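S.K.: build me a model from this:
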Amino acid sequence: MLTEDQRRLLAALEGVDLIVVGMTAAILQGVATSTADIDILPHWAPANLERLTIVLHALDVTARLAVRRDQHFETRLGPLDVYSAIDGGRDYHALLEHTQIADGARVLSIPTVADIMRRSGRDKDRQRLSLMIAPPSDC
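M.R.: I've put the predicted structure just below:
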């Protein structure tokens with residue numbers, strides 16, 4: 001479940017063209033877990049990045065860490081990770097066809113989130129992967 005602050009953070013981003021990714025996307029589609037931060041993949045167009053910048057300033061943002069074009073921010077509503085690409089370079093346009101609207105936000109589909117987590121090789125992702133994949137039935 002998302003915290004109230006995390007929901008307010010997503011609501012603040014409403015005017016920004018983006019895809020919610022990671023566990024946040026899974027949670028918005030009904031996966032019963034929690035997450036420490038919100039992960040987004042914005043459309044990297046100048047006008048859209050300007051809208052994102054305005055929202056970030058309104059949220060009293062400070063940078064936690066910057067790696068290339070990926071930014072890890074702290075806001076007054078909690079951590080926000082902004083990615084230019086995920087999963088080996090797949091950007092907003094490459095992933096757009098793998099999205100749906102859930103809880104009012106454009107989110108990466110659960111099968112796509114699971115595939116990305118499977119490929120990541122991170123222990124954290126492997127542990128959470130079971131939350132998104134139903135065990136095989138005996139039928």
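S.K.: make it CA atoms for all contacts and neighbour counts henceforth
M.R.: Noted.
S.K.: surely A12 and H57 touch.
M.R.: No: judged on CA atoms under 8 Å, A12 makes no contact with H57 at a distance of 11.2 Å.
S.K.: the two: who's more crowded?
M.R.: Between A12 and H57, counting by other CA atoms under 10 Å, A12 is the more crowded of the two (16 against 11).
S.K.: measure the residue nearest to that one when sequence neighbours are not counted to T62 for me?
M.R.: In space, and not counting its chain neighbours, A12 is closest to V55: 6.7 Å by CA to CA, 6 or more residues apart in numbering. Going from V55 to T62 by CA to CA, to the nearest Å gives 12 Å.
S.K.: looking at the two, which has the bigger crowd around it?
M.R.: The neighbour comparison of V55 against T62 (other CA under 10 Å) goes to V55, with 18 against 14.
S.K.: may I have the host helix or strand of the more buried one as CSV, with CA atoms only?
M.R.: V55 is part of helix 46-58, with elements assigned from DSSP states H and E. Extracted in CSV, the C-alpha atoms of helix 46-58 (Å, rounded to 0.1, in the frame of the first residue of the first chain):
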residue,chain,number,x,y,z
PRO,A,46,11.7,20.0,-22.7
ALA,A,47,8.1,21.3,-22.0
ASN,A,48,7.4,18.2,-19.9
LEU,A,49,10.6,18.4,-18.0
GLU,A,50,9.8,22.1,-17.2
ARG,A,51,6.4,20.9,-15.7
LEU,A,52,8.3,18.3,-13.7
THR,A,53,10.8,21.0,-12.5
ILE,A,54,7.9,23.2,-11.3
VAL,A,55,6.3,20.4,-9.4
LEU,A,56,9.7,19.4,-7.8
HIS,A,57,10.3,23.0,-6.6
ALA,A,58,6.8,23.1,-5.1
